[in-house]
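# after the sequence you'll find the predicted model.
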Amino acid sequence: MSLAEELNQLKNESFDVWFERWFEKMNLQERLKVSAKQGYSGYMIDVDSRYSNDEYAQRRLRDKRTVKKLESKLPGVNIRVETVRRYKLFGRDVVRNIHEIHFEW
């Protein structure tokens, strides 16, 4: 095995471990059920606000593998990532990209 292959394998294993821990900690299945009981047909995670002090989590959640893993864990739920541009913040002109993960059923 070459060094590049070994590094990629370590990267993927690390992501898998992180995702499993994050998924359990978030308890997403229960959150989605609570949202449905409240009459909603979706749920959203604002990555930038929820993890404003955690660049590591932001980077992991923006990773394309996150959506693939979520789709495998939550079959039948539509999952998409959106990057929204916000221009106003407290009346001031500020341009920010907000990353959101949307769950719809």
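On my side now, so go ahead.
# okay, CA-based contacts and neighbour counts for the rest of this
OK.
# quick check, central residue of this structure?
By Cα atoms, centre = their mean, the chain has its centre lying nearest to residue 61, at 4.0 Å.
# and for the spatially closest residue to it that is not a sequence neighbour, the neighbour number?
Nearest non-adjacent residue to residue 61, counting by Cα to Cα, 6 or more residues apart in numbering: residue 47, 7.2 Å away. Neighbour count of residue 47, defined by other Cα atoms under 10 Å: 20.
# thought residue 47 was touching residue 98?
Yes. Residue 47 is in contact with residue 98 according to Cα atoms under 8 Å; the separation is 7.5 Å.
# contact partners for the residue lying closest to residue 104 once chain neighbours are set aside?
With sequence-adjacent residues excluded and distances taken as Cα to Cα, 6+ apart, residue 104 is closest to residue 42, at 4.2 Å. Contact partners of residue 42, counting by Cα atoms under 8 Å, 6 or more residues apart in numbering, are 32, 35, 36, 102, 103, 104, 105.
# what's in contact with the helix or strand the first one falls within?
Right, residue 32. If you go by DSSP states H and E, residue 32 is part of helix 28-37. Contact with helix 28-37 is made by 41, 42, 43, 74, as judged by Cα under 8 Å, 6+ apart.
# closest to residue 66 among the residues you listed?
residue 74 (12.0 Å; Cα to Cα).
# phi, psi of the closest one?
phi -120, psi 70 (degrees, to the nearest 10).
# ok, now which ones touch it?
By Cα under 8 Å, 6+ apart, residue 74 lies in contact with residue 29.
# from residue 11, how far off is it?
According to Cα to Cα, to the nearest Å, residue 74 stands 23 Å off from residue 11.
# one more: residue 76?
According to Cα to Cα, residue 76 stands 28 Å off from residue 11.
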